[in-house]
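>>> Sequence below, structure please.
(one chain, ligands or ions: 1)
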Amino acid sequence: MTQGFRSAFAGLATFLLVSVPVGAQELPVVRVIATGGTIASRPGDDQLTGSALIEAVPQLAGVAQVEVEEFSRIGSSGMTPNHWLLLAKRINELLDAEPDISGVVVTHGTDTMEETAYFLHLTIKDLRPVVLTGSMRSATAVSADGPANLLTAVRVAADTNAGGRGVLVVLNDEIHSARDVRKTDNNRTDTFVSAEWGALGVVDLDGVTFRRSGETLHTVQALPSVAGVETLPTVPIVADFAGNDAMVLKNWVGQGVAGIVVQGFGGGRTSPEMRRAISEITREGTLVVLASRVLEGRVIGSGQQAQAGVVAAGDLPSHKARVLLMLALLNSRDGMEIQAIFDTH
Ligand code: ASP
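Below you'll find the model as predicted:
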């Protein structure tokens, strides 16, 4: 780790490399990057360190040579776009510098795992597996799911067949694409689901099984690298509701944002005032991405709408559309070009 990189984390996040001597020499090397979340939490106490997480799962020694570093010790509701950028840079640097690493596991809170995973899916420039995992029950709960999820995530990261599929989310013995996965239950351990398209695979006692791969662009084929990017454009999400006066949308435009994601009703349709406000603000140059609050099915746009600066989110929910719009705005301000990015990523 360079000093420059360490100082980039000042006050935001830190990481610390600890080599944990588990795993026989011939096993694949997997680097675990701990960020915090329920997987590391004990009621009324500090979050567990990355090495404590690893030491709690001695079975890892039979799967991989596990190394661990700490990026942060925060709940995922505290994650910001700056954290996403720093984490992507850290993983890209690590994979560049260490050809012997087979894969990376990121432990993360489940609340915003979807955003972090999709951001990494679009910005990691390497084909080796990067796997996010977490837990719904704290480390001291009866039947804590963290240890099993960590073990399965490391098994996936150590599997040569897991590469080239983009960033993966592994919990509850299921392997999901970062693009399609959603947290669907506030409490249950089977909360992560790729409802419309299905999981990519499963992890069973005898090994890792893949049954499909995603079709959209990711990692090395996705948008240009963010290596030189210091900050991401501000992109708010504005939810529509019956009887909306569009005040929140107009306020955001007053802040000078380049783009806004509107979470509309079915098909991305919006209430009358929102519709009027959207045509006004897009005429003045703010880009709008229309997503839907409905769980499944695409929001379908048109070339004419895109030309006017109204982009359809397709099947991305508003919080993932926001991630893609932030990255897209680094490359273009043109509605048609951004629609093409949404159609392919
Ligand atoms: N509060 C936790 C978080 O960091 C929830 C979890 O990890 O499940 O997102």
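
>>> can we go C-alpha only for contacts and neighbour counts from here?
Will do.

>>> So which residues of the stretch 51-200 of the chain form helices?
81-97, 113-123, 146-157 (DSSP state H, counting those that start in this stretch).

>>> Relative to the ligand, which of those helices is closest?
The ligand sits nearest to helix 113-123 of all those, at 7.3 Å, using C-alpha to the nearest ligand atom.

>>> follow-up on the earlier one: next, format the helices of the stretch 51-200 of the chain as a markdown table and append distance to the ligand and mean neighbour count.
Output for the helices of the stretch 51-200 of the chain, formatted as a markdown table (distance: least, C-alpha to the nearest ligand atom, whole Å; neighbours: other C-alpha atoms under 10 Å):
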| stretch | distance to the ligand | mean neighbour count |
| --- | --- | --- |
| helix 81-97 | 14 | 18 |
| helix 113-123 | 7 | 26 |
| helix 146-157 | 10 | 26 |
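
>>> Adding mean pLDDT, write those out as a markdown table.
Formatted as a markdown table, the helices of the stretch 51-200 of the chain follow (pLDDT from 0 to 100):
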| stretch | mean pLDDT |
| --- | --- |
| helix 81-97 | 98 |
| helix 113-123 | 98 |
| helix 146-157 | 98 |
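
>>> how about those helices in CSV, adding distance to residue 261?
Below are the helices of the stretch 51-200 of the chain laid out as CSV (distance: least, C-alpha to C-alpha, whole Å):
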stretch, distance to residue 261
helix 81-97, 16
helix 113-123, 14
helix 146-157, 32
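
>>> Looking at those helices, which is nearest to residue 48?
helix 146-157 (11.8 Å; C-alpha to C-alpha).

>>> Which strands and helices lie in contact with that closest one?
strand 101-107, strand 130-133, strand 168-171, strand 207-210 (3 or more C-alpha pairs under 8 Å, 6 or more residues apart in numbering; DSSP states H and E).

>>> between those strands, which gets nearest to residue 271?
Nearest to residue 271, of the helices and strands packed on helix 146-157 and by C-alpha to C-alpha, is strand 168-171 at 35.0 Å.

>>> So which elements touch the closest one?
strand 130-133, helix 146-157, strand 174-177.

>>> excluding its backbone neighbours, what's nearest the closest residue to the ligand within the stretch 201-345 of the chain?
Distances between the stretch 201-345 of the chain and the ligand by C-alpha to the nearest ligand atom are smallest at residue 319, namely 14.8 Å. Nearest non-adjacent residue to residue 319, counting by C-alpha to C-alpha, 6 or more residues apart in numbering: residue 115, 6.8 Å away.

>>> Next, count neighbours for the spatially closest residue to residue 185 that is not a sequence neighbour.
Closest residue to residue 185 apart from its sequence neighbours, by C-alpha to C-alpha, 6+ apart: residue 191 at 4.7 Å. Residues within reach of residue 191, counting by other C-alpha atoms under 10 Å, total 17.

>>> State the distance from the nearest residue to residue 73 once chain neighbours are set aside to the ligand.
Leaving aside its sequence neighbours, residue 73 sits nearest to residue 36 (C-alpha to C-alpha, 6+ apart; 4.2 Å). Look at residue 36 and the ligand: by C-alpha to the nearest ligand atom, to the nearest Å, they are 7 Å apart.

>>> did I read that right, residue 36 in a helix?
No: secondary structure assignment places residue 36 outside any helix; it is coil (DSSP: H, G, I helix; E, B strand; the rest coil).

>>> Just the local confidence number for residue 25, please.
Per-residue pLDDT puts residue 25 at 67.

>>> how about low-confidence regions in the stretch 1-150 of the chain?
1-25, 45 (pLDDT under 70).

>>> swap the cut-off to 50 and go again
Flagging of the stretch 1-150 of the chain using pLDDT under 50 yields the residue ranges 1-15, 21.

>>> Close to the ligand: what parts of it are there?
Counting by C-alpha under 6 Å from any ligand atom, the residues of the stretch 1-150 of the chain close to the ligand are 37-38, 75-77, 109-111, 135-136.

>>> Just the buried subset of those residues, please.
37-38, 75-76, 109-111, 135-136 (16 or more other C-alpha atoms under 10 Å).

>>> Save those residues as JSON lines, and put in distance to residue 187 too.
Converted to JSON lines, those look like this (distance: C-alpha to C-alpha, whole Å):
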{"residue": "37", "distance to residue 187": "14"}
{"residue": "38", "distance to residue 187": "12"}
{"residue": "75", "distance to residue 187": "16"}
{"residue": "76", "distance to residue 187": "16"}
{"residue": "109", "distance to residue 187": "13"}
{"residue": "110", "distance to residue 187": "11"}
{"residue": "111", "distance to residue 187": "11"}
{"residue": "135", "distance to residue 187": "10"}
{"residue": "136", "distance to residue 187": "7"}
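
>>> on that earlier part again, got a markdown table for the helices and strands packed on strand 168-171, with distance to residue 57 too?
Shown next, in a markdown table, are the helices and strands packed on strand 168-171 (distance: least, C-alpha to C-alpha, whole Å):
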| stretch | distance to residue 57 |
| --- | --- |
| strand 130-133 | 14 |
| helix 146-157 | 6 |
| strand 174-177 | 19 |
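
>>> quick one, which of the ones you listed is nearest to residue 55?
helix 146-157 (9.9 Å).

>>> rewinding a little: right, so of the helices of the stretch 51-200 of the chain, which gets closest to residue 263?
Per C-alpha to C-alpha, nearest to residue 263 of the helices of the stretch 51-200 of the chain: helix 113-123, 15.8 Å.
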